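Visitor: I'd like to go over a predicted model; first the sequence, then the structure.
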Amino acid sequence: MAEIALIRVDFRLVHGQVVVKWSKVAKVSKIIVINDVIAKDKTLKSVYKMAAPAGVKVLCYSFEKAMEKYKESRFGDGRVMVMFKDINDCYRAFKAGFDMPKLQLGNAPRGADKKPLSNEVYATGKEIELLKEMAKAGVDIVIHTIPEAAGVSFRKLI
């Protein structure tokens with residue numbers, strides 16, 4: 001069973017900060033991307049796999065396949081970073097029984113119906129309610145975009 005070292009929501013998924021910084025900070029050997037659209041797109045999957053640093057494997061699963069793999073073996077072996085594109089998919093995993101003691105919120109884009117949680121993280125009213133539910137259930141949610149900056153507790157923001 002793999003050790004899940006980091007669970008992160010970041011709409012960019014596998015990008016420079018994740019590849020260069022967070023994968024090293026978390027000392028992961030595998031990045032699991034959970035997203036139905038990405039899982040079906042061979043081109044995007046290959047881009048994410050090529051972006052990974054040497055020694056780090058990237059696997060892209062649909063939500064259903066990811067939950068199946070998680071329940072089977074917690075994604076195999078090694079240290080793993082789990083990436084969600086948005087709060088809704090992360091919440092779905094939480095409700096499906098995905099163990100989530102800590103959740104890191106990275107970049108989430110602005111939108112007409114979104115409120116700022118930080119300079120880089122925006123969420124709709126519904127997403128904020130989902131996060132509140134998760135926090136109330138014991139998930140330690142931290143807004144933490146780059147390792148060099150201090151994270152901010154979601155509980156303190158609300």
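Guide: Structure's in. What do you need? Numbering: from 1, shown residues only.
Visitor: going forward, measure contacts and count neighbours with C-alpha atoms only.
Guide: Noted.
Visitor: Quick one: the helices in the chain, in order.
Guide: Taking DSSP state H as the criterion, the chain carries its helices at 16, 23-25, 36-40, 42-51, 63-73, 87-95, 125-136, 154-157.
Visitor: Which positions in the fifth one come out as buried?
Guide: Burial within helix 63-73, assessed by neighbour count using 16 or more other CA atoms under 10 Å, is assigned to 63, 66-67, 70.
Visitor: Between the helices of the chain, which one is closest to residue 102.
Guide: helix 125-136 (9.4 Å; CA to CA).
Visitor: How about residue 114: what's its closest non-neighbour residue?
Guide: Closest residue to residue 114 apart from its sequence neighbours, by CA to CA, 6 or more residues apart in numbering: residue 124 at 4.3 Å.
Visitor: and if you look at residue 153?
Guide: Going by CA to CA, 6+ apart, residue 153 has residue 142 as its nearest residue, at 4.6 Å.
Visitor: and the gap between that neighbour and residue 12?
Guide: Counting by CA to CA, to the nearest Å, the separation of residue 142 from residue 12 is 18 Å.
Visitor: who's more crowded, those two?
Guide: Ranked by neighbour count (other CA atoms under 10 Å), residue 142 and residue 12 place residue 142 first, with 20 against 17.
Visitor: what residues are up against residue 145?
Guide: 105-107, 120, 151 (CA atoms under 8 Å, 6 or more residues apart in numbering).
Visitor: what about burial for those, which qualify?
Guide: Members of the contacts of residue 145 classed as buried by 16+ other CA under 10 Å are 105-107, 151.
Visitor: can I get those residues in TSV with distance to residue 51 and pLDDT?
Guide: Formatted as TSV, the entries for these read as follows, by distance: CA to CA, whole Å; pLDDT from 0 to 100:
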residue	distance to residue 51	pLDDT
105	21	97
106	18	93
107	18	91
151	25	94
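Visitor: still on that earlier bit, report the beta-bridge partner residues of the residue nearest to residue 153.
Guide: Following DSSP bridges, residue 142 is listed with bridge partners residue 104, residue 153.
Visitor: Low-confidence ranges, this structure, go.
Guide: In the predicted model of the chain, residues 17-18 satisfy pLDDT under 70.
Visitor: most remote residue from it's center?
Guide: Within the chain, residue 112 marks the point farthest from the mean C-alpha position, 23.0 Å out by CA atoms, centre = their mean.
Visitor: and that one, how far is that from residue 124?
Guide: Distance of residue 112 to residue 124, given as CA to CA: 9 Å.
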